[in-house]
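Test case, fold it:
(chains A and B)
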Amino acid sequence: MLDIKFIRENQSLIAEASRKKRLDFKVEELIAIDDRRLGILGEVESLRAKQNEASAQIVSVGAEEKAALLVEMKNVKDLLQTKEEELKEIMKDWQKQMVQVPNIPDMSVPEGDDDSANAESKTWGDKTVFDFTARDHVELMTMLDMADFERGTKVAGFRGYFLKNAGARLSFALWQLAFDMLQDEGFAPVMAPSLVRREALLGTGYLPQGEEDLYKTQDADYLAGTAEVGLMALHMDEIVDSAKLPIKYAGFSPCFRREAGSHGKDTKGLIRVHEFFKIEQLILCEANHAESVAWHEKLLATAEKYMQTLGIPYRVVVNCTGDLGLGQVKKYDIEAWVPGEQKYRETHSISYFHDFQTRRLNLKYRDAEGKLRFVHSLNGTMSATPRLLVSLVENYQQADGSIKVPLALQKYVGQEIIRANQ
RNA sequence: GGAGGGGUGGCAGAGUGGUUGAUCGCACCGGUCUUGAAAACCGGAAUGUCCGCAAGGGCAUCGUGGGUUCAAAUCCCACCCCCUCCGCCA
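Model prediction:
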């Protein structure tokens, strides 16, 4: 959410942001509603002022004068009630529009319709070349008894899976490595709730738009698709001590996504599943663009370091405007090389929001002048499993179908090579 | 699941229909005193929003949303959250 004052003063920026993000949001409509809102609000407030004034007189005035005031105020009350009703209706529309106002993409974000227009900014490592016929992760992991997709579907339904043996060990190893590296960077480890209340999702910007992609419980709670939701809501409605900024969290949580819009996509294997696990980097910092940008680069660098430590070839793309979420100012994706598909596939997504989320969450700090300001928020993937296993096992496979364990993971996995029947 | 008690400003905690945006305390800021600090004393200070160049003023905010009333922190209803005891349970 943006400040209505800012919106009013920068209508062309908002219109441009809406166009760039390929949204059909119309600022003019919001401004028209806001004009009506301000008009009615003025009327309501002056009626209330009249009421308050009379109220003060009634206590100190004689019986006769009091009776006259009561009659007059009865009329004011009736008028006020119809005006308040009108205001309430306008506010409904206003709220509906306000949560649809897009945040403004950074100048450096390329314009485009969808992910095909994302701009590659960097590649790291060479695409793995095999002198044998390579297998895809489904075949490899099934062969090595690391995963069970058939029974996964039997038990959990479409996109269900079990990770077993080295598949499970590798997952724990990836998490542990990620946690260790983030600890070194000063991130506090947090295990965040995935079962969250609606407010947390409204605050982070996943609702009201993303209702379709979320699982909902019979108690009207939701299953979050990322630890970002719980971590951001952690300080909802708080004024955080500015001395504590930046707050850096390494959040672990299971993640649930209905993938409502992706029914035909990636139906095989571990690329797109309904339930997965993720370690997320999250930062709350002072409300300063340069600081947000610096932390954004830092989050990317940390995630890259993780991928480099794992030795997985990847590239970095700057997401184009059409591929940005409503609240995102800029987003980088890291895409890992997947030999079986001969493609880079997204494993990390790192973005910043300015105060878009914290305004909704009412998350503030007191700046040096003592003024309350909304903090800036950023978040980015550190390690998303099992998707990351896809490129890991495919890139590290050997001719005999075994998988080398990346050096950095060996101490956690307890083995150098994953072979059948282990 | 059953029974009871609560949600008030940064914190703590009064306040049961009318100058109450809200006593007192702690913390905070300024001043006096002091070589400096502490203590003591004096004073200041909530947040949002609207009008205004400003000074200043209006409105809203006592968990949330409704209702009663000329008037609600205070009365009524619904919901949310917290605490205590019992039951169940990883």
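
Show me what the helix or strand where residue A:294 lies is packed against.
Assessed by DSSP states H and E, residue A:294 sits inside helix A:289-310. Judged by 3 or more Cβ pairs under 8 Å, 6 or more residues apart in numbering; DSSP states H and E, the packing partners of helix A:289-310 are strand A:119-124, helix A:166-184, strand A:275-285, strand A:314-318, strand A:330-338, strand A:343-352, strand A:376-385, helix A:407-413. All C-beta atoms are positioned from the backbone trio N, CA, C, and that covers glycine.

could I have the last one exported to PDB, CA atoms only?
Listed next in PDB are the C-alpha coordinates belonging to helix A:407-413 (Å, rounded to 0.1, in the frame of the first residue of the first chain):
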ATOM      1  CA  LEU A 407      32.200 -30.900  -0.900                       C
ATOM      2  CA  ALA A 408      30.400 -28.400   1.300                       C
ATOM      3  CA  LEU A 409      27.600 -30.800   2.100                       C
ATOM      4  CA  GLN A 410      29.700 -33.900   2.700                       C
ATOM      5  CA  LYS A 411      30.100 -33.200   6.400                       C
ATOM      6  CA  TYR A 412      26.300 -32.900   6.900                       C
ATOM      7  CA  VAL A 413      25.400 -35.800   4.600                       C
END
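
ok, residues contacting the very next helix or strand once past that helix?
Toward the C-terminus, helix A:407-413 is succeeded by strand A:417-418 as the next helix or strand (DSSP H and E). Outside strand A:417-418, the residues within contact range by Cβ atoms under 8 Å, 6 or more residues apart in numbering are A:144, A:146, A:166, A:170, A:398, A:402-405.

between the helix holding residue A:294 and strand A:314-318, how big is the angle?
160 degrees (axes from the mean of the first three to the mean of the last three Cα atoms, to 10 degrees).

For helix A:289-310, buried residues please.
Across helix A:289-310, burial judged by 16 or more other Cβ atoms under 10 Å covers A:291-293, A:295-296, A:298-300, A:302-304, A:306-307, A:310.

nearest spatial neighbour of the residue in the stretch 151-300 of chain A positioned nearest to RNA strand B, skipping sequence neighbours?
Closest contact between the stretch 151-300 of chain A and RNA strand B, by Cβ to the nearest atom of the strand, is at residue A:239 (5.6 Å). Sequence neighbours aside, residue A:364 is the residue nearest to residue A:239 in space, at 5.0 Å (criterion: Cβ to Cβ, 6 or more residues apart in numbering).

One more: residue A:141?
That would be residue A:147: by Cβ to Cβ, 6+ apart, it lies 4.0 Å from residue A:141.

pLDDT of the helix or strand that contains residue A:64, averaged?
If you go by DSSP H and E, residue A:64 is part of helix A:63-98. Across helix A:63-98, the average pLDDT comes to 90.

is RNA strand B contacted by that helix?
Yes - contact of helix A:63-98 with RNA strand B (Cβ under 7 Å from any atom of the strand) involves A:70, A:73-74, A:76-77, A:88.

Which strands or helices does that helix pack on?
helix A:27-60.

Also compute the angle for the helix it packs on relative to helix A:63-98, please.
160 degrees.

out of the buried residues of helix A:289-310, who's nearest residue A:180?
Nearest to residue A:180 among the buried residues of helix A:289-310, counting by Cβ to Cβ, is residue A:306 at 10.2 Å.

got a pLDDT number for the closest one?
98.

returning to what we had before: buried residues of the helix holding residue A:64, list them for me.
Going by 16+ other Cβ under 10 Å, helix A:63-98 has these buried residues: A:69, A:73, A:80, A:83, A:87, A:90, A:93-94, A:97-98.

Residue A:290 and residue A:297, how far apart?
Look at residue A:290 and residue A:297: by Cβ to Cβ, to the nearest Å, they are 11 Å apart.

actually residue A:91, not the one I typed
40 Å.

now residue A:355
Residue A:355 is 19 Å from residue A:297, by Cβ to Cβ.

ok, the closest residue in space to residue A:195 that isn't next to it in sequence - contacts?
Residue nearest to residue A:195 in three dimensions, not counting chain neighbours: residue A:221, with 5.5 Å by Cβ to Cβ, 6+ apart. For residue A:221, the contact set (Cβ under 8 Å, 6+ apart) comprises A:195-198.

Much appreciated, bye for now.
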